[in-house]
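> Here's a sequence, model it:
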Amino acid sequence: MLSDIWGVIHNGVESFPAACDALRCYRSEGGTVILITNAPRLADSVRAQVRDLGVGDDCYDAIVSSGDLTRNYVAAHPGRPLFWLGPNRDASIYRDLDAPFVALEQADYMICTGLYDDDTETAEDYRAMMEQARARSLPMVCANPDIVVQRGDQLIDCAGAIAELYSELGGEVIYYGKPYAPIYQRALELAAECRGQPIALNRALAIGDSLRTDIAGARGYGIDCVFITRGIHAGEFDGPDARDPALKPLFDAPPKAVMRDLAWWLFPKQHASQAGPSGYAGDPNRSRTSTSPGCPMPLNLLKRAWFDLIAVLSGRFAGPAHRRGIASPARRSAPPTPGVLWSVVICRGGWRFDPGQCGPGWE
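Numbering: from 1, shown residues only. Reported below is the predicted structural model:
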């Protein structure tokens with residue numbers, strides 16, 4: 001599993017306990033979680049940051065960041081004078097490298113990790129600087145392709161916003177991070193190291209809150225993706241129902257699932273008389289307790305049910321009745337059998353997947 005960090009497991013101010021529980025649950029009986037982030041800092045710096053926000057080391061196996069990849073670029077160009085645009089908190093990517101910092105007028109290239117003060121500035125404040133760089137035909141390396149990121153209840157500009165401005169002015173931009181392939185390649189290499197075997201793309205799942213980076217990047221690399229709506233696109237969604245045709249124009253192609261928050265609930269499907277008030281068995285507001293910390297059911301069942309979900313949505317489920325995620329009329333009318341068909345409840349407020357209730361316009 002390749003999980004985004006900012007917007008999925010924290011918002012820059014506090015962590016999301018349900019999301020941390022979900023990742024911890026997945027790992028507790030053998031799942032592998034790689035955190036994949038456009039943070040323009042090294043993985044160890046990202047680890048320290050998420051610890052401070054309450055994300056435990058037991059939630060993931062490894063971290064890969066756009067900062068790691070940017071550092072590799074700088075290391076491959078030793079001694080070349082560079083102009084660094086970004087806050088001091090991103091300095092770790094230059095640690096122990098031969099990377100002389102110079103003024104814009106003397107630089108061979110520039111690295112953009114962000115705004116100097118993203119609390120008060122926007123990308124537009126850097127237009128004059130970008131025009132000066134464009135006049136010198138300086139290539140820019142963007143260490144964070146995100147345009148904006150959520151910090152608490154605010155959206156702030158990122159390095160990607162400055163890079164987009166520079167590109168509009170005709171400047172050359174080299175991007176590291178999502179949605180570009182190298183960060184996914186490195187994430188799957190780390191997953192393979194953890195598991196001791198190569199990772200097939202159809203057994204990988206990406207999770208993220210950005211259409212431009214997370215969804216586009218996973219799709220471009222051939223990985224299934226779950227879209228989280230509570231992040232930077234929260235204002236565009238009235239609810240988390242992935243079957244709503246109104247969502248379709250937001251995607252070039254639909255993700256495999258949509259949910260507001262990363263939080264997993266699985267229950268054996270029961271007859272309507274046994275189901276809870278929202279139409280599924282169990283209470284989504286109960287505490288998350290089980291034999292595995294934070295896991296509502298044995299994880300071997302969770303993993304099997306999750307990949308069955310992905311198979312159904314992508315048309316790989318064994319049986320023509322569920323081809324392309326659309327149940328046959330007979331299947332819709334048949335009463336569910338306890339212990340055989342599983343409902344997947346993937347947000348506390350209510351989006352759930354039931355192969356028997358897929359709308360005809362959502363594949």
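> Please identify the buried residues of stretch 27-43?
Across stretch 27-43, burial judged by 16 or more other C-beta atoms under 10 Å covers 27-28, 31-43. C-beta here means a position set from N, CA and C on the backbone, and glycine is covered the same way.
> now, which of the residues you listed sits nearest R127?
P40 (20.9 Å; C-beta to C-beta).
> Contact partners for the closest one?
S65, S66, G67, T70, G86, D90, I93, T113, G114, A143, N144, A159 (C-beta atoms under 8 Å, 6 or more residues apart in numbering).
> any idea how far R41 lies from D61?
Using C-beta to C-beta, to the nearest Å, R41 is found at 19 Å from D61.
> Please apply the same query to G171.
In terms of C-beta to C-beta, G171 sits 37 Å off from D61.
> Surely Y60 and L35 touch.
Yes - Y60 lies in contact with L35 (C-beta atoms under 8 Å); the separation is 4.8 Å.
> what is in contact with the two at once?
S3.
> returning to that earlier point: which of the buried residues of stretch 27-43 scores worst on pLDDT?
Lowest pLDDT within those is found at S28 (85).
> So that residue versus P87, what's the distance?
36 Å.
> so how many other residues sit close to E168?
11 (other C-beta atoms under 10 Å).
> For E131, see how far away it is.
Distance from E168 to E131, by C-beta to C-beta: 11 Å.
> so where's the chain shaky on pLDDT?
231-253, 264-363 (pLDDT under 70).
> Tell me where it has helices.
Along the chain, the stretches classed as helices by DSSP state H are 17-28, 43-52, 66-75, 127-135, 159-168, 181-195, 216-221, 299-313, 329-333.
> okay if I get those as TSV plus distance to V8?
Shown next, in TSV, are the helices of the chain (distance: least, C-beta to C-beta, whole Å):
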stretch	distance to V8
helix 17-28	6
helix 43-52	11
helix 66-75	16
helix 127-135	31
helix 159-168	18
helix 181-195	14
helix 216-221	13
helix 299-313	16
helix 329-333	33
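> Of those helices, give the one that comes closest to D153.
helix 17-28 (17.3 Å).
> can you give me the angle that closest one makes with helix 43-52?
For helix 17-28 against helix 43-52, the angle by axes from the mean of the first three to the mean of the last three C-alpha atoms, to 10 degrees is 120 degrees.
> In helix 17-28, which residues are buried?
A18, A19, C20, D21, A22, L23, R24, C25, Y26, R27, S28.
> My guess is S210 contacts D146. True?
Yes - taking C-beta under 8 Å as the definition, S210 is a contact partner of D146 at 6.8 Å.
> from the contacts of P40, which is closest to E189?
S65 (14.1 Å).
> For that closest one, give its distance to T229.
24 Å.
> Of these two, which one has the most company?
Legend: neighbour count by other C-beta under 10 Å for S65 and T229, higher for S65 (30 against 24).
> distance of that one from D57?
16 Å.
> go on, D261?
In this view, D261 and D57 are 22 Å apart by C-beta to C-beta.
> Counting neighbours, go ahead and name the busier of these two.
D261 (19 against 9).
> hmm, back to that, of all pairs in the buried residues of stretch 27-43, which one spans the longest distance?
Checking these with C-beta to C-beta, the most distant pair is S28 and P40, at 31.4 Å.
> shared neighbours of S210 and D146, which are they?
In contact with both S210 and D146: no residue, using C-beta under 8 Å, 6+ apart.
> what's around R134, how many residues?
17.
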